[in-house]
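> here is a sequence together with a model predicted from it:
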Amino acid sequence: MKEEFEQLKDLAQEALKSVLDRDKLEVLKIEFLGRKGKMAELMKQIVNVADEERKLIGALANEVKTGLESAFSAKEQELAGAEEAGRAEKEWLDISEPGAWSKEGHLHPVTTAIGEISDIFARLGFACVRAPEVEWDYYAFESLNMPPDHPARDDWETFFIADGAQTAQGKGEKQGKMVLTPHTSNSQNREMAKGKLPIRMININRTYRRQSDVSHTPMFHQFEGLMIDQGVTIAHLKGVLDYFARTYFGAERKTRLRPHHFRFTEPSFEIDISCGVCQGHASSDSTCRLCKAGWLELGGAGMVHPNVIRAGGLDPEKYTGFAFGWGIERTLMMREGMQVDDIRTLYRNDLRFVKQF
């Protein structure tokens, strides 16, 4: 028995020399010192030793076990120290080097423009409202004095979704087909139907049309302004538009009103602003890719048509008002320093463009 304990001790010490990590050390420790390990099995045999030798063998067994436990403990400390030294080397950090900043997102320029435009009109007392993006034909066309044969109601101009069977509120008329709203003017009738006067509202929303070129995208944003009260005139309309142009674009930019025809306003105007790409200098001799002639159309405006006021449940003999609708993207493109000559650039998800803002 004495020789067997000595051999076990030598075997364990020899095995410890080849252990290089703590996982293997744990396996080896269980093999020799575990409850069913070699040491335990050998100690079970002490009962077979003669009485006069059992005490000596027992003392030797305890000595060998204590020695092996010390050897394993020393080896574990040795490996732990080596691992710590290696970790320090791997994780060493030079704090004198510049830090690596994490990437931070920011608002898209169109979102920023929406916030700025809302703030400008809020100073004039215009409250923000929202109208549905998926709309009924009645609110998108019928209530805006557009007859069934109007070009805007053609399949090649508007995204039609489904036929409708619901009845327009208080009208006794069917609301017609369901569409992706082609303009934010659908908010006019909805706002007048509330019966809360006077009305000063601004509706900013996504709109949809079947167009795609340097100045059009199938999805774009508009902001719709509506003012309804007694005694509202074109002078009020021009004052609001001039205030916005000076505040948003700067005093050096020029605007102009051109007579036009819209079914929902009378008289009607197109609102133009001098091009921010060519600074209004484009002509037949020097063509701008975006505006072609020095001016860019921002949208339409005019005095609300009596039929539209009547459709909203108000008396056009008592109330007058004006409305305007501009494209957010075009308005943004015309801002000083933008130099964007293709509206589709705003939605190409090109980080080289977006990171500039």
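Noted; the coordinates are in hand.
> alpha carbons only for contacts and neighbour counts from here, please
Noted.
> end to end, how far does stretch 99-117 reach?
From its first residue to its last, stretch 99-117 covers 38 Å (Cα to Cα, to the nearest Å).
> buried residues in it?
Buried residues in stretch 99-117, counted by 16 or more other Cα atoms under 10 Å: 109-110, 113-114, 117.
> cross these against helices and list the overlap.
Cross-referencing these against helices under DSSP state H gives 109-110, 113-114, 117.
> can you redo the residues you listed as a markdown table with pLDDT and distance to residue 187?
Conversion of those to a markdown table gives the following (pLDDT from 0 to 100; distance: Cα to Cα, whole Å):
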| residue | pLDDT | distance to residue 187 |
| --- | --- | --- |
| 109 | 91 | 25 |
| 110 | 93 | 21 |
| 113 | 93 | 20 |
| 114 | 94 | 17 |
| 117 | 95 | 18 |
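> okay if I get these as TSV plus distance to residue 253?
Formatted as TSV, these follow (distance: Cα to Cα, whole Å):
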residue	distance to residue 253
109	20
110	20
113	18
114	20
117	17
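> show me which pair in these is furthest apart.
Of all pairs drawn from those, the greatest distance, 12.1 Å, lies between 109 and 117 (Cα to Cα).
> phi first, then psi, for residue 320.
Residue 320 adopts backbone torsions of phi -130, psi 170, taken as degrees, to the nearest 10.
> let me fix that: residue 93
Per-residue torsions, residue 93: phi -130, psi 130 (degrees, to the nearest 10).
> and it, how many neighbours?
Neighbourhood size, residue 93 [other Cα atoms under 10 Å]: 9.
> re earlier: now, among the buried residues of stretch 99-117, which is nearest to residue 183?
Of all those, residue 183 sits closest to residue 114, with 15.9 Å by Cα to Cα.
> for residue 178, see how far away residue 23 is.
69 Å.
> what residues are up against residue 180?
133-135, 158-161, 207-208 (Cα atoms under 8 Å, 6 or more residues apart in numbering).
> no wait, residue 200
Residues near residue 200 by Cα under 8 Å, 6+ apart: 125-127, 225-228.
> give the rounded mean pLDDT of stretch 11-18.
Averaged over stretch 11-18, pLDDT sits at 84.
> residues making contact with it?
25, 28, 32, 68, 71-72, 75.
> so which other helices or strands are in contact with the longest helix seen in the chain?
Looking across the chain with DSSP H, the single longest helix is helix 51-90. Judged by 3 or more Cα pairs under 8 Å, 6 or more residues apart in numbering; DSSP states H and E, the packing partners of helix 51-90 are helix 2-17, helix 22-33.
> mean neighbour count and distance to residue 306 added to the ones you listed, as CSV?
Below are those laid out as CSV (neighbours: other Cα atoms under 10 Å; distance: least, Cα to Cα, whole Å):
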stretch, mean neighbour count, distance to residue 306
helix 2-17, 14, 100
helix 22-33, 16, 88
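> which of the helices or strands spans residue 228?
strand 219-229 (DSSP states H and E).
> return the residues in contact with residue 114.
If you count contacts by Cα under 8 Å, 6+ apart, residue 114 has them with 204, 328.
> numbering from 55 from now on, please.
Renumbered: residue one is now 55, and that last one reads residue 168.
> from residue 276, how far off is it?
Taken as Cα to Cα, the span from residue 168 to residue 276 is 9 Å.
> hang on, the earlier thing: out of the contacts of residue 234, which two sit at the greatest distance?
With Cα to Cα as the measure, no two of these lie farther apart than 215 and 261, at 14.1 Å.
> more crowded one of those two?
residue 261 (21 against 13).
> correct me, but that one touches residue 273?
Yes - applying Cα atoms under 8 Å as the test, residue 261 and residue 273 come out as touching, 5.8 Å apart.
> about what we covered before: what's the closest of the buried residues of stretch 153-171 to residue 407?
residue 163 (10.1 Å).
> for the closest residue to that closest one other than its chain neighbours, the count of nearby residues, please.
Excluding its sequence neighbours, the residue lying closest to residue 163 (Cα to Cα, 6 or more residues apart in numbering) is residue 411, at 6.6 Å. Counted with other Cα under 10 Å, the neighbours of residue 411 add up to 11.
> just checking, residue 411 touches residue 166?
No - counting by Cα under 8 Å, residue 411 does not reach residue 166; the two are 9.5 Å apart.
> no more questions from me, cheers.
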